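Trainee: no FASTA, just this:
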């Protein structure tokens, strides 16, 4: 058999041999990478590193003493939550607001650590729920804050219906928050109705719910709260919780002790080691009494004046002398 001498002859055989060798080499490299994957460096994305630990979240919670003496630990969820927040409306954004307030997830579901505290206010029976949580990214929280910012226009006034068919009038207005954190948003929702089935205060009047919502982002962490009840919502309590809570979270993240002290100190209070400025004993002299112990001097001479009272010894001597004088006088009279 004649072997062609052109480019389709021995050259083609050589190309085939080289190609086969390259394929074997490539297969060996691939197998090498599969058999020994442990030697490849492991790459952990930055998002896998927790930005907030459970201990930090708990330490960043506010305490009842930071809001004033009217607040105490909660005794349980208020009954108005089911009757007033679990209602239906035809406006999608307004329904989303009601559902988020009821489920307490207006910022979405946290992806990291979280901690929650509940407080009750004795003056107007308000309840405050405060949460510290970590989320997937700052942009996720900012998107929720931007949506909340549109609600005073989209849901300025709307009507919702409860499970018994009672109609409730709802208004939403923006609230001003302290300029803390990286981004923030606040709303005030007021809900009232005239249905007799919704009367829950025993007064026969229409129920009235005032509820504040506030949220502040710090990096990919956020503090959020609801504050209010049938007796109203104190705006100063909402602002105080936002101010104190954001500062506390920033201190915890920076490794600093919280700027505000807890309600009950864990250590003994700092007291001065020296004597206090105010004397503990009354300021009275400890030397001579007010009555002098020596005889007073006369106004014109230095000779002591006689005391106004006589001592018992002097009284006895004078009595004896008077008795002697009387006896002598009597004897003289008898002799005469």
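Mentor: Perfect, thanks for sending it. Remember, predicted model here, so these are calculated numbers, not experimental data.
Trainee: Just the buried residues of stretch 176-184, please?
Mentor: Buried residues in stretch 176-184, defined by neighbour count with 16 or more other C-beta atoms under 10 Å: 177-178, 180-181, 184. Heads up, the C-betas are built off the backbone N, CA and C, glycines and all.
Trainee: Save those residues as TSV, and put in distance to residue 159, secondary structure and pLDDT too.
Mentor: Rendered in TSV, the data for the buried residues of stretch 176-184 read as follows (distance: C-beta to C-beta, whole Å; DSSP: H, G, I helix; E, B strand; the rest coil; pLDDT from 0 to 100):
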residue	distance to residue 159	secondary structure	pLDDT
177	28	coil	97
178	33	coil	96
180	35	coil	97
181	34	coil	97
184	29	strand	98
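Trainee: Can you add distance to residue 256 and give the residues you listed back as CSV?
Mentor: Below are the buried residues of stretch 176-184 laid out as CSV (distance: C-beta to C-beta, whole Å):
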residue, distance to residue 256
177, 23
178, 19
180, 16
181, 16
184, 21
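Trainee: Looking at those, spot the one nearest residue 208.
Mentor: The shortest gap between residue 208 and any of these belongs to residue 177, at 23.3 Å (C-beta to C-beta).
Trainee: any chance you could map the helices in the chain?
Mentor: Taking DSSP state H, the helices of the chain run over residues 10-35, 54-59, 80, 92-103, 138-154, 235-253, 312-335.
Trainee: Any buried residues in stretch 225-232, and which?
Mentor: Neighbour-count burial for stretch 225-232 flags 225-230, 232 (criterion: 16+ other C-beta under 10 Å).
Trainee: err, stretch 245-258, not the other one
Mentor: Under the neighbour-count criterion of 16+ other C-beta under 10 Å, stretch 245-258 has 245-253, 258 buried.
Trainee: now stretch 97-107
Mentor: By 16+ other C-beta under 10 Å, the buried positions in stretch 97-107 come out as 97-98, 100-101, 104, 106-107.
Trainee: what's the distance between residue 81 and residue 173?
Mentor: In this view, residue 81 and residue 173 are 21 Å apart by C-beta to C-beta, to the nearest Å.
Trainee: out of these two, which sits in the busier spot?
Mentor: Under the criterion of other C-beta atoms under 10 Å, the comparison of residue 81 against residue 173 puts residue 81 first, with 17 against 13.
Trainee: from memory that one sits against residue 103, does it?
Mentor: No - taking contacts as C-beta atoms under 8 Å, residue 81 lies outside contact range of residue 103: 10.4 Å.
Trainee: The nearest residue to residue 243 once chain neighbours are set aside and residue 229, how far apart?
Mentor: Nearest-residue entry for residue 243: residue 178, 4.6 Å, with adjacent residues in sequence omitted and distances by C-beta to C-beta, 6 or more residues apart in numbering. Taking C-beta to C-beta as the measure, residue 178 falls 23 Å from residue 229.
Trainee: for residue 190, same thing?
Mentor: Residue 190 sits 12 Å away from residue 229 when distances are taken as C-beta to C-beta.
Trainee: shared neighbours of the two, anything?
Mentor: Among the neighbours of residue 190, those also in contact with residue 229 (C-beta atoms under 8 Å, 6 or more residues apart in numbering) are 209-211.
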